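Quick one, fold the following:
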Amino acid sequence: MPTPTTYSELVKFVIDFINILIPALFAIVFVYFVWKMIDAWILNAGDETKQTEGKQYLVSAIIAFVVMISAWGIVALIGRSLFG
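Numbering: from 1, shown residues only. Modelled structure (predicted):
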């Protein structure tokens, strides 16, 4: 990718980078979330503290997904409104 020479190209470069970064973060958070759920509810099914920990991870993961989707939407909205 060529080096941006104007402000518009720089903003497009940053937005394109964010549009690549956010799905990668979604994938990482999703894999981590699935692993924690397997660990809490399948591998340690009889351990109440692990199940409570699993519920906390579930809430944290949902909040993280909502924040990430919101950030992605805001970046897309700003990009479209400022640069068409």
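
Give me the below-cutoff pLDDT ranges for this structure.
By pLDDT under 70, the weakly predicted segments of the chain are 1, 84.

Identify the residue nearest the geometric centre of it.
Centrality entry for the chain: nearest residue to the mean C-alpha point is Phe26, 3.7 Å, by C-alpha atoms, centre = their mean.

sec struct for that residue, please.
Following DSSP: H, G, I helix; E, B strand; the rest coil, we place Phe26 in the helix state.

Now do the contacts for the residue nearest to it when sequence neighbours are not counted.
Of all residues not flanking Phe26 in the chain, Met68 sits nearest, at 6.3 Å (C-beta to C-beta, 6 or more residues apart in numbering). C-beta here means a position set from N, CA and C on the backbone, and glycine is covered the same way. Residues near Met68 by C-beta atoms under 8 Å, 6 or more residues apart in numbering: 22, 25-26, 29.
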